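Visitor: here you go, sequence then predicted model.
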Amino acid sequence: KNEVEQSPQNLTAQEGEFITINCSYSVGISALHWLQQHPGGGIVSLFMLSSGKKKHGRLIATINIQEKHSSLHITASHPRDSAVYICAVTTRNTGGFKTIFGAGTRLFVKA
Amino acid sequence: NAGVTQTPKFQVLKTGQSMTLQCAQDMNHNSMYWYRQDPGMGLRLIYYSASEGTTDKGEVPNGYNVSRLNKREFSLRLESAAPSQTSVYFCASSDDRGRAPDTQYFGPGTRLTVL
(Lines give C-alpha, C1' and ligand atoms only; values in the text may rest on other atoms or scores of the structure.)
Protein backbone atom coordinates (compact mmCIF):
# COMPACT_ATOMS: atom_id res chain seq x y z
CA LYS A 1 0.00 0.00 0.00
CA ASN A 2 1.34 3.44 -0.91
CA GLU A 3 2.03 5.77 1.97
CA VAL A 4 0.15 8.56 0.18
CA GLU A 5 -3.08 7.73 -1.61
CA GLN A 6 -5.13 10.14 -3.65
CA SER A 7 -8.69 9.86 -4.91
CA PRO A 8 -10.06 10.02 -7.42
CA GLN A 9 -7.32 9.22 -9.95
CA ASN A 10 -9.22 11.03 -12.69
CA LEU A 11 -11.96 13.61 -12.46
CA THR A 12 -14.01 15.37 -15.13
CA ALA A 13 -16.13 18.33 -14.09
CA GLN A 14 -18.30 20.93 -15.76
CA GLU A 15 -17.22 24.54 -15.53
CA GLY A 16 -18.56 26.12 -12.36
CA GLU A 17 -18.72 22.90 -10.33
CA PHE A 18 -17.28 22.54 -6.83
CA ILE A 19 -14.44 20.02 -6.87
CA THR A 20 -12.93 17.97 -4.07
CA ILE A 21 -9.73 15.91 -4.30
CA ASN A 22 -8.82 13.70 -1.37
CA CYS A 23 -5.50 12.58 0.08
CA SER A 24 -4.90 9.97 2.77
CA TYR A 25 -1.55 9.14 4.27
CA SER A 26 -0.26 6.48 6.61
CA VAL A 27 2.84 8.06 8.16
CA GLY A 28 3.48 10.73 10.77
CA ILE A 29 4.05 14.02 9.02
CA SER A 30 5.67 17.39 9.57
CA ALA A 31 3.75 18.98 6.70
CA LEU A 32 1.44 18.21 3.80
CA HIS A 33 1.74 19.82 0.39
CA TRP A 34 -0.62 20.28 -2.53
CA LEU A 35 1.01 20.85 -5.91
CA GLN A 36 -0.31 21.52 -9.38
CA GLN A 37 1.22 20.12 -12.56
CA HIS A 38 0.00 21.69 -15.79
CA PRO A 39 -0.11 19.84 -19.12
CA GLY A 40 3.18 21.47 -20.06
CA GLY A 41 4.75 19.62 -17.16
CA GLY A 42 5.74 22.39 -14.76
CA ILE A 43 5.05 21.75 -11.06
CA VAL A 44 3.95 24.54 -8.76
CA SER A 45 3.38 24.39 -5.04
CA LEU A 46 -0.14 25.49 -4.06
CA PHE A 47 -0.19 24.94 -0.30
CA MET A 48 1.90 23.67 2.55
CA LEU A 49 -0.04 23.00 5.75
CA SER A 50 0.36 21.16 9.01
CA SER A 51 -3.04 21.89 10.58
CA GLY A 52 -6.41 23.44 9.89
CA LYS A 53 -7.21 25.12 6.62
CA LYS A 54 -5.65 27.45 4.06
CA LYS A 55 -7.32 29.44 1.28
CA HIS A 56 -5.90 31.06 -1.81
CA GLY A 57 -8.36 32.50 -4.28
CA ARG A 58 -10.74 29.70 -5.32
CA LEU A 59 -8.57 26.99 -3.77
CA ILE A 60 -9.01 25.70 -0.23
CA ALA A 61 -6.90 23.03 1.46
CA THR A 62 -7.85 21.31 4.71
CA ILE A 63 -6.10 18.76 6.84
CA ASN A 64 -7.26 16.47 9.65
CA ILE A 65 -4.17 15.24 11.45
CA GLN A 66 -6.03 12.71 13.60
CA GLU A 67 -7.63 11.07 10.57
CA LYS A 68 -4.49 11.47 8.40
CA HIS A 69 -6.53 13.01 5.64
CA SER A 70 -6.46 16.18 3.56
CA SER A 71 -8.74 17.62 0.93
CA LEU A 72 -8.21 20.15 -1.82
CA HIS A 73 -11.33 22.03 -2.88
CA ILE A 74 -11.77 24.16 -5.98
CA THR A 75 -14.77 26.47 -6.01
CA ALA A 76 -16.34 27.71 -9.26
CA SER A 77 -14.06 25.51 -11.37
CA HIS A 78 -12.77 26.80 -14.69
CA PRO A 79 -11.16 25.06 -17.69
CA ARG A 80 -7.84 26.64 -16.75
CA ASP A 81 -7.94 24.54 -13.54
CA SER A 82 -7.39 21.45 -15.70
CA ALA A 83 -4.17 19.94 -14.41
CA VAL A 84 -2.78 17.12 -12.30
CA TYR A 85 -3.03 17.83 -8.57
CA ILE A 86 -0.43 16.13 -6.42
CA CYS A 87 -0.54 15.53 -2.67
CA ALA A 88 2.77 15.08 -0.86
CA VAL A 89 3.73 14.63 2.77
CA THR A 90 6.99 15.54 4.45
CA THR A 91 8.22 13.31 7.24
CA ARG A 92 11.21 13.71 9.46
CA ASN A 93 14.12 11.32 8.96
CA THR A 94 17.72 11.20 10.11
CA GLY A 95 19.45 14.33 8.96
CA GLY A 96 16.38 16.20 7.84
CA PHE A 97 13.16 15.56 5.98
CA LYS A 98 11.80 13.20 3.37
CA THR A 99 8.90 13.99 1.03
CA ILE A 100 6.59 11.27 -0.28
CA PHE A 101 4.39 12.06 -3.27
CA GLY A 102 1.01 10.69 -4.26
CA ALA A 103 0.42 9.57 -7.84
CA GLY A 104 -1.75 12.60 -8.57
CA THR A 105 -5.34 13.33 -9.56
CA ARG A 106 -5.92 14.31 -13.18
CA LEU A 107 -8.63 16.98 -13.38
CA PHE A 108 -10.34 18.04 -16.58
CA VAL A 109 -12.83 20.89 -16.45
CA LYS A 110 -15.13 21.17 -19.45
CA ALA A 111 -16.37 24.55 -20.67
CA ASN B 1 14.72 35.61 -10.45
CA ALA B 2 14.78 32.60 -12.74
CA GLY B 3 13.96 30.21 -9.88
CA VAL B 4 15.08 26.68 -10.72
CA THR B 5 16.45 26.06 -14.20
CA GLN B 6 17.24 22.73 -15.84
CA THR B 7 19.03 21.77 -19.01
CA PRO B 8 18.40 20.15 -21.37
CA LYS B 9 14.61 20.11 -21.77
CA PHE B 10 14.64 17.00 -23.95
CA GLN B 11 17.25 14.32 -24.61
CA VAL B 12 17.37 11.03 -26.49
CA LEU B 13 20.16 8.60 -25.65
CA LYS B 14 21.16 5.18 -26.83
CA THR B 15 21.64 2.43 -24.26
CA GLY B 16 25.08 2.72 -22.70
CA GLN B 17 25.59 6.41 -23.43
CA SER B 18 26.28 8.84 -20.62
CA MET B 19 24.96 12.30 -19.93
CA THR B 20 24.67 14.93 -17.22
CA LEU B 21 21.51 16.81 -16.37
CA GLN B 22 22.20 20.29 -15.06
CA CYS B 23 20.20 22.15 -12.42
CA ALA B 24 20.71 25.60 -10.93
CA GLN B 25 18.72 27.75 -8.49
CA ASP B 26 19.08 31.44 -7.69
CA MET B 27 17.05 31.52 -4.46
CA ASN B 28 19.99 30.82 -2.12
CA HIS B 29 18.35 27.57 -1.01
CA ASN B 30 20.32 25.04 0.98
CA SER B 31 18.50 21.88 -0.10
CA MET B 32 18.32 20.54 -3.63
CA TYR B 33 16.68 17.39 -5.00
CA TRP B 34 16.51 15.22 -8.08
CA TYR B 35 13.27 13.33 -8.78
CA ARG B 36 12.03 11.13 -11.55
CA GLN B 37 8.39 10.97 -12.62
CA ASP B 38 6.99 7.90 -14.34
CA PRO B 39 3.42 7.37 -15.59
CA GLY B 40 1.00 6.34 -12.84
CA MET B 41 3.55 6.86 -10.10
CA GLY B 42 4.35 9.70 -7.77
CA LEU B 43 7.60 11.62 -7.98
CA ARG B 44 10.41 9.49 -6.60
CA LEU B 45 13.54 10.90 -5.03
CA ILE B 46 16.80 9.89 -6.69
CA TYR B 47 19.30 11.93 -4.66
CA TYR B 48 19.22 15.02 -2.52
CA SER B 49 21.67 17.49 -1.07
CA ALA B 50 20.90 19.14 2.25
CA SER B 51 23.73 21.61 1.89
CA GLU B 52 26.72 22.42 -0.26
CA GLY B 53 29.19 19.57 -0.14
CA THR B 54 26.75 16.89 1.02
CA THR B 55 24.68 14.43 -0.98
CA ASP B 56 22.50 11.49 0.07
CA LYS B 57 20.71 8.70 -1.69
CA GLY B 58 16.97 8.79 -2.07
CA GLU B 59 14.52 6.06 -2.95
CA VAL B 60 15.87 5.13 -6.42
CA PRO B 61 19.60 6.01 -6.65
CA ASN B 62 20.88 3.03 -8.67
CA GLY B 63 22.38 4.02 -12.02
CA TYR B 64 22.82 7.69 -11.05
CA ASN B 65 25.45 9.91 -9.52
CA VAL B 66 25.20 13.51 -8.37
CA SER B 67 27.44 16.47 -7.69
CA ARG B 68 26.62 19.51 -5.59
CA LEU B 69 29.06 21.77 -7.36
CA ASN B 70 28.29 24.81 -5.21
CA LYS B 71 25.25 26.20 -3.44
CA ARG B 72 23.53 27.02 -6.73
CA GLU B 73 24.17 23.92 -8.83
CA PHE B 74 23.25 20.26 -8.46
CA SER B 75 23.91 17.92 -11.39
CA LEU B 76 22.67 14.39 -12.08
CA ARG B 77 24.80 12.00 -14.12
CA LEU B 78 23.79 8.82 -15.89
CA GLU B 79 27.02 6.90 -16.51
CA SER B 80 25.54 4.17 -18.70
CA ALA B 81 21.95 4.88 -19.66
CA ALA B 82 19.38 2.08 -19.69
CA PRO B 83 15.85 2.02 -21.14
CA SER B 84 14.51 1.80 -17.55
CA GLN B 85 15.83 5.32 -17.04
CA THR B 86 13.42 6.73 -19.61
CA SER B 87 11.50 9.23 -17.52
CA VAL B 88 10.89 12.88 -16.80
CA TYR B 89 13.45 14.28 -14.38
CA PHE B 90 12.74 17.19 -12.08
CA CYS B 91 15.15 19.19 -10.01
CA ALA B 92 13.81 21.05 -6.97
CA SER B 93 15.13 23.24 -4.19
CA SER B 94 13.93 24.35 -0.76
CA ASP B 95 15.13 26.39 2.16
CA ASP B 96 14.30 23.95 4.95
CA ARG B 97 17.83 23.80 6.44
CA GLY B 98 16.78 20.75 8.48
CA ARG B 99 14.83 22.84 10.99
CA ALA B 100 11.39 22.64 9.45
CA PRO B 101 10.09 21.53 6.07
CA ASP B 102 9.62 24.24 3.49
CA THR B 103 8.02 24.61 0.08
CA GLN B 104 9.91 22.94 -2.74
CA TYR B 105 10.38 24.88 -5.97
CA PHE B 106 10.60 22.78 -9.12
CA GLY B 107 12.44 23.19 -12.37
CA PRO B 108 10.64 22.70 -15.72
CA GLY B 109 11.80 19.10 -16.10
CA THR B 110 13.92 17.12 -18.54
CA ARG B 111 12.21 14.50 -20.69
CA LEU B 112 14.74 11.72 -21.27
CA THR B 113 14.27 8.79 -23.63
CA VAL B 114 16.75 5.91 -23.69
CA LEU B 115 16.52 3.69 -26.75
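Guide: Cool, the structure landed. Numbering: from 1, shown residues only, chains lettered A, B, ... in the order given.

Visitor: what is the mean pLDDT for stretch B:89-104?
Guide: The average pLDDT for stretch B:89-104 rounds to 83.

Visitor: and if you look at stretch B:19-31?
Guide: 95.

Visitor: who's in contact with the residue lying closest to residue B:40 once chain neighbours are set aside?
Guide: Distances taken as CB to CB, 6 or more residues apart in numbering or on different chains place residue A:103 nearest to residue B:40, at 6.1 Å, with adjacent residues excluded. In short, each C-beta sits where N, CA and C put it, glycine included. Neighbouring residues of residue A:103 by CB atoms under 8 Å, 6 or more residues apart in numbering or on different chains: A:2, A:6, A:9, B:40, B:41, B:42.

Visitor: would you map the strands across chain B?
Guide: In chain B, the strands defined using DSSP state E lie at B:4-7, B:10-13, B:19-25, B:31-37, B:44-49, B:56-57, B:64-68, B:74-78, B:87-94, B:105-106, B:110-114.

Visitor: for the residue nearest to residue B:40, which three-state class applies?
Guide: Under DSSP: H, G, I helix; E, B strand; the rest coil, residue A:103 falls in the coil class.

Visitor: could you tell me which residues of chain B lie near chain A?
Guide: B:31, B:35, B:40-45, B:50, B:56, B:88, B:90, B:92, B:96, B:98, B:100-106, B:108-109, B:111 (CB under 8 Å from any CB of the partner chain).

Visitor: mind giving me the PyMOL command for buried ones among those?
Guide: In PyMOL, a selection of the buried entries from these looks like this (16 or more other CB atoms under 10 Å in any protein chain shown):
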select buried, chain B and resi 31+35+42+43+44+45+50+90+92+96+101+102+103+104+105+106+108+109+111
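
Visitor: residue contacts, the residue nearest to residue A:81 when sequence neighbours are not counted?
Guide: Nearest non-adjacent residue to residue A:81, counting by CB to CB, 6+ apart: residue A:109, 5.2 Å away. Neighbouring residues of residue A:109 by CB under 8 Å, 6+ apart: A:12, A:13, A:14, A:15, A:17, A:19, A:77, A:78, A:79, A:80, A:81, A:82.

Visitor: give me the number of neighbouring residues for the nearest residue in space to residue B:54 that is not next to it in sequence.
Guide: Excluding the flanking residues, the one nearest residue B:54 by CB to CB, 6+ apart is residue B:68, at 6.9 Å. Residue B:68 has 19 neighbours, counted by other CB atoms under 10 Å in any protein chain shown.

Visitor: what is residue B:68 paired to in the beta sheet?
Guide: For residue B:68, the beta-bridge partners are residue B:74 (DSSP bridges).

Visitor: and residue 53, what is it in contact with?
Guide: Going with chain A. A:60, A:61, A:62, A:63.

Visitor: let me rephrase: I mean chain B.
Guide: residue B:68.

Visitor: ok, it to residue B:70 distance?
Guide: 9 Å (CB to CB, to the nearest Å).

Visitor: and the residue nearest the centre of chain B?
Guide: In chain B, the centroid-proximal residue (CA atoms, centre = their mean) is residue B:34; its distance is 2.5 Å.

Visitor: please report the distance of that residue from residue B:87.
Guide: Distance, residue B:34 to residue B:87, using CB to CB: 11 Å.

Visitor: count the residues that sit near the nearest residue to residue B:115 once chain neighbours are set aside.
Guide: Leaving out its chain neighbours, the residue that sits closest to residue B:115 by CB to CB, 6+ apart is residue B:14, at 5.5 Å. By other CB under 10 Å, 9 other residues sit near residue B:14.
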